[in-house]
Every structure is written in structure tokens, then in C-alpha cells.
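Quick one: sequence and predicted model below, then my questions.
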Amino acid sequence: MMQHQISILARFRPEVLERILRVTRHRGFRINSMNMGQSTDGDNVNIELTVSSQRPLTQLCTQLTKLSDITEVEVLQQESRLLRTQSAM
């Protein structure tokens with residue numbers, strides 16, 4: 001399973017977080033962690049998400065950028081998580 005960290009810059013609106021969460025879920029991604037803070041100008045919000053899925057990250061980023069309140073989506077980090085199994089001796 002791939003784990004990705006993305007940064008989202010959006011206009012500060014009450015419904016923007018709900019829309020981001022809905023799109024993330026509908027695209028088949030699981031949110032592992034989230035950090036959100038208002039920008040210094042007060043009109044925007046910075047959201048960092050760590051998500052995981054087998055699906056390509058481009059699907060999620062493309063859909064997020066289509067949301068009207070989203071200004072920017074940036075991929076910060078990608079890494080694959082390999083599931084290790086131990087064999088019985």
C-alpha cells in the first residue's frame with residue numbers, strides 16, 4: 001500500500017474541509033493523519049494530509065484541484081509500505 005503526504009491550500013470556508021474529506025473517501029483513499037492551520041492572511045487554510053491507497057495519487061489530486069475553493073495541491077512525499085510476514089519455523 002502506498003502512503004502519500006499532500007499539502008492543500010484552500011480558501012477558508014466552513015464547507016471546504018467536508019468537501020476535501022468526501023473527495024478523498026470517494027477516490028478510495030484512507031486518511032492516516034491530518035493537520036490544518038489558518039494562513040497569516042486569514043483568508044486561506046493550509047491542510048496537510050497523509051493518505052494511503054493502492055490507487056494512483058494523480059486521481060485524488062486531479063479531483064481535489066477541481067474543487068472551487070482549492071488554490072493548490074502539492075505532493076510532499078510518497079512511500080510504499082511493504083507488509084512483512086514472518087514464516088513459522
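Cool, the structure landed. Residues are numbered from 1 along each chain as shown.

Moving C-terminal from the longest helix anywhere in the chain, which element do we reach first?
The residue-count maximum for a helix in the chain (DSSP state H) belongs to helix 16-26. Where DSSP states H and E defines the elements, the next helix or strand beyond helix 16-26 is strand 30-38.

quick one, the helix or strand following that following strand and helix 16-26 angle?
Using DSSP H and E, the helix or strand that follows strand 30-38 towards the C-terminus is strand 44-53. Counting by axes from the mean of the first three to the mean of the last three Cα atoms, to 10 degrees, strand 44-53 lies at 10 degrees to helix 16-26.

Can I get strand 44-53 as PDB, trimmed to CA atoms?
C-alpha atoms of strand 44-53 as PDB (Å, rounded to 0.1, in the frame of the first residue of the first chain):
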ATOM      1  CA  ASN A  44      -6.800  30.800   3.400                       C
ATOM      2  CA  VAL A  45      -6.200  27.500   5.200                       C
ATOM      3  CA  ASN A  46      -3.300  25.100   4.900                       C
ATOM      4  CA  ILE A  47      -4.100  21.400   5.100                       C
ATOM      5  CA  GLU A  48      -1.600  18.600   5.200                       C
ATOM      6  CA  LEU A  49      -2.900  15.100   4.700                       C
ATOM      7  CA  THR A  50      -1.200  11.700   4.900                       C
ATOM      8  CA  VAL A  51      -3.300   9.300   2.900                       C
ATOM      9  CA  SER A  52      -2.900   5.700   1.800                       C
ATOM     10  CA  SER A  53      -4.300   3.600  -1.000                       C
END
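
how far off strand 30-38 does it point, in degrees?
With the same axes, to 10 degrees as the basis, strand 44-53 and strand 30-38 are set at 170 degrees to each other.

Work out the gap between strand 44-53 and the centre of the chain.
When C-alpha coordinates are averaged (Cα atoms, centre = their mean, to the nearest Å), strand 44-53 and its chain have centres 4 Å apart.

Which strands and helices lie in contact with it?
strand 2-11, helix 16-26, strand 30-38 (3 or more Cβ pairs under 8 Å, 6 or more residues apart in numbering; DSSP states H and E). No exception for glycine: its C-beta is placed from N, CA and C like everyone else's.
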